[in-house]
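Trainee: Predicted structure and sequence below. I'll ask about it afterward.
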Amino acid sequence: MEQLLSSLSIRVNEAIFLKDPDSSDLGRRIISGSIEMINDLGIENFSFGKLALHINSTEASVYRYFESKHKLLLYLMSWYWRWMEYRLVFATSNIQSPADRLEKSVVLLTEPVGHDNAHAYVDVSTLSNVVINEASKTYLTKLVDEENKYGVFAGYKQLVGRVSDMITEIDPDYKYPHMLVSTIVEGAHHQRFFQEHLPRLTDVVEGEDSVTQFYLDLVRNALRIKR
């Protein structure tokens with residue numbers, strides 16, 4: 001799967017950037033450096049000036065790619081959801097059972113993301129941490145409706161829609177497929193955050209990945225999947 005993913009170019013909505021960062025060495029350094037710095041500092045303490053120093057460039061050069069750090073964060077989230085969708089498609093394409101495809105998808109959406117070499121300049125494991133900590137800040141804003149009109153959340157919605165279709169295939173009468181999938185994604189992020197920072201808000205069960213197991217149980221119970 002890694003080799004197949006490495007041959008794909010992750011396409012991000014052009015409304016998000018001024019110049020495609022994937023088109024140059026500097027752009028790729030902006031992406032890799034921003035992932036590292038946002039993970040370390042948080043988006044509030046991150047700035048283009050700090051990023052420029054980190055990658056040995058200039059602040060003006062960074063602004064040629066993105067008009068704001070909010071747009072840069074949108075780019076990182078959009079890239080991640082596109083990558084996650086490709087990953088999910090490859091992982092489920094040869095699974096015949098709709099229930100098995102759905103459960104594999106739930107595992108992929110909730111498990112910790114490991115390192116891979118599919119896209120050398122993107123540390124997807126660190127990017128996953130950024131998504132857990134910062135993703136909600138891309139849409140919990142006053143600009144969300146305007147940005148949504150330009151399709152900047154299309155990757156996330158497409159991923160949710162793909163998994164929702166699996167639910168409908170299992171139970172066409174289930175009324176809340178999109179709600180269930182987005183709850184799984186957002187909830188898993190919250191539970192990973194709680195495990196690290198606010199453990200009394202979650203449950204850690206020795207010998208299992210309690211986050212993934214919880215959402216597998218949730219899906220099985222909601223759809224009455226027998227295992």
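Mentor: Done, it's in.
Trainee: In contact with V152, which residues are there?
Mentor: 13, 15-16, 74, 78 (CB atoms under 8 Å, 6 or more residues apart in numbering). Yep, even glycine has a C-beta here, placed from its N, CA and C like the rest.
Trainee: Give me the buried subset of those.
Mentor: Neighbour-count burial within these applies to 13, 16, 74, 78; the criterion is 16 or more other CB atoms under 10 Å.
Trainee: And those, which two are furthest apart?
Mentor: Maximum pairwise distance among the buried ones among the contacts of V152 (CB to CB): 8.5 Å, between N13 and L74.
Trainee: For K226, give its distance to I30.
Mentor: To I30, K226 is 49 Å away according to CB to CB, to the nearest Å.
Trainee: can you check G151 too?
Mentor: With CB to CB as the criterion, G151 and I30 are 22 Å apart.
Trainee: Pull out the buried residues from the longest helix seen in the chain.
Mentor: Looking across the chain with DSSP state H, the single longest helix is helix 69-92. Residues 69-88, 92 are the ones in helix 69-92 that count as buried (16+ other CB under 10 Å).
Trainee: same check, this time on stretch 185-200
Mentor: Buried-residue list, stretch 185-200, by 16+ other CB under 10 Å: 185, 188-192, 194.
Trainee: Redo these as a markdown table? Include pLDDT and distance to D22.
Mentor: Converted to a markdown table, these look like this (pLDDT from 0 to 100; distance: CB to CB, whole Å):
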| residue | pLDDT | distance to D22 |
| --- | --- | --- |
| V185 | 98 | 25 |
| A188 | 98 | 28 |
| H189 | 97 | 25 |
| H190 | 97 | 31 |
| Q191 | 98 | 32 |
| R192 | 97 | 28 |
| F194 | 97 | 34 |
